[in-house]
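*Asks:* Sequence and predicted structure are below.
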Amino acid sequence: MGLTRLRSFLRRHRSIAIDTNVFIYALEAAPRYAALADHIFSWLEQAGHRGVTSTITMTELLVQPYRDRDEHRVNEFYGLLSTYPNLEWIAPDLEIADTAARIRAMYGLRTPDSLQAATAVRSHVTGLVTNDPVFGRVDRFETLVLDRVL
């Protein structure tokens, strides 16, 4: 059921934003979500597909390895993620900051989520994959919440 609904979502889009939790599920091979996350990254590898995420994703991903003093894991994340095909890492600039503030004011998202949503809006994606239902409040893209497809 989950993969079928995910495939349907991905068929509707050529450019998607990917929230931090999807990266975590893929990197940690989370039993409940790994198949979905793996499918998203396989989709991303295909020609004509594009994924974007904010550099805040890397910040969130590196906290635990730094907390554990696991430099090997830090380097592994950088090596894998910074070179992933068809994935753009977008740093917040003034335009994204302004859009994030508007999103935070209009939809009540927390600042990190507002920055992710603003990155998606500025990048002109049509879909966002997450496991955080708050993104569904933003009407500028279609949101797929992984728990809702399982």
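*Replies:* That came through, no problem. Residues are numbered from 1 along each chain as shown.

*Asks:* C-alpha from now on. contacts and neighbour counts both.
*Replies:* OK.

*Asks:* What is the helix or strand harbouring residue 8 packed up against?
*Replies:* Using DSSP states H and E, residue 8 sits within helix 2-11. Contact here means 3 or more C-alpha pairs under 8 Å, 6 or more residues apart in numbering; DSSP states H and E; on that basis helix 2-11 packs against helix 34-45, helix 146-149.

*Asks:* for the shortest one, what is the average pLDDT?
*Replies:* It refers to helix 146-149. Across helix 146-149, pLDDT averages out at 96.

*Asks:* Please apply the same query to the longest one.
*Replies:* Here helix 34-45 scores 97 as its mean pLDDT.

*Asks:* Give the next helix or strand downstream of the helix holding residue 8.
*Replies:* Following helix 2-11 in sequence, per DSSP H and E, is strand 15-18.

*Asks:* State the mean pLDDT of that following strand.
*Replies:* In this model, strand 15-18 carries a mean pLDDT of 98.

*Asks:* chain center to that strand: distance?
*Replies:* With C-alpha atoms, centre = their mean, to the nearest Å as the basis, strand 15-18 stands 7 Å off its chain's centre.

*Asks:* Contacts for it, please.
*Replies:* Identification of contacts with strand 15-18 by C-alpha atoms under 8 Å, 6 or more residues apart in numbering yields 49-53, 119-120, 124-130.
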